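> no sequence for this one, just the structure:
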């Protein structure tokens, strides 16, 4: 091999490696911008979910239900059965065992 062929081989191989590296870097930048957009969307939807949870909590909070019971004059009977911090409904097979507490009474 003479010097001309060796230098041509080195030039072509360096050019191909540089072109491949440039292509890979462009793809990495595109993927990075997509990931950044997805993270922004995730943050937005997490904030929206938190706002909906707060709104739901405010709508169905015990204080709000108590205020509605006074406003519309209805009797509210409730027994809170909590397991692992969660409110669960009555077990209808044990109705005789449950003694509900009357929290409010209006005429």
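Thanks, I have the structure now. The structure presented is a predicted model; accordingly, all values stated were derived computationally and were not measured.
> Next, count neighbours for residue 65.
Using other Cβ atoms under 10 Å, residue 65 has 15 neighbouring residues. No exception for glycine: its C-beta is placed from N, CA and C like everyone else's.
> which stretch of helix or strand covers it?
helix 62-72 (DSSP states H and E).
> can you count the residues close to residue 69?
16.
> Show me the helices in the chain, by range?
Under the criterion DSSP state H, the chain contains helices at 3-59, 62-72.
> Mean pLDDT added to those, as a markdown table?
Formatted as a markdown table, the helices of the chain follow (pLDDT from 0 to 100):
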| stretch | mean pLDDT |
| --- | --- |
| helix 3-59 | 93 |
| helix 62-72 | 77 |
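> Buried deepest among these, which one?
helix 62-72 (a mean of 11; mean count of other Cβ atoms under 10 Å).
> for it, packing partners?
The contact analysis (3 or more Cβ pairs under 8 Å, 6 or more residues apart in numbering; DSSP states H and E) places helix 62-72 against strand 76-78, strand 101-104.
> averaging pLDDT over each of those strands, which comes out lowest?
With a mean of 53, strand 101-104 has the lowest mean pLDDT of the helices and strands packed on helix 62-72.
> Residue 2 and residue 20, how far apart?
27 Å (Cβ to Cβ, to the nearest Å).
> Repeat that for residue 68.
68 Å.
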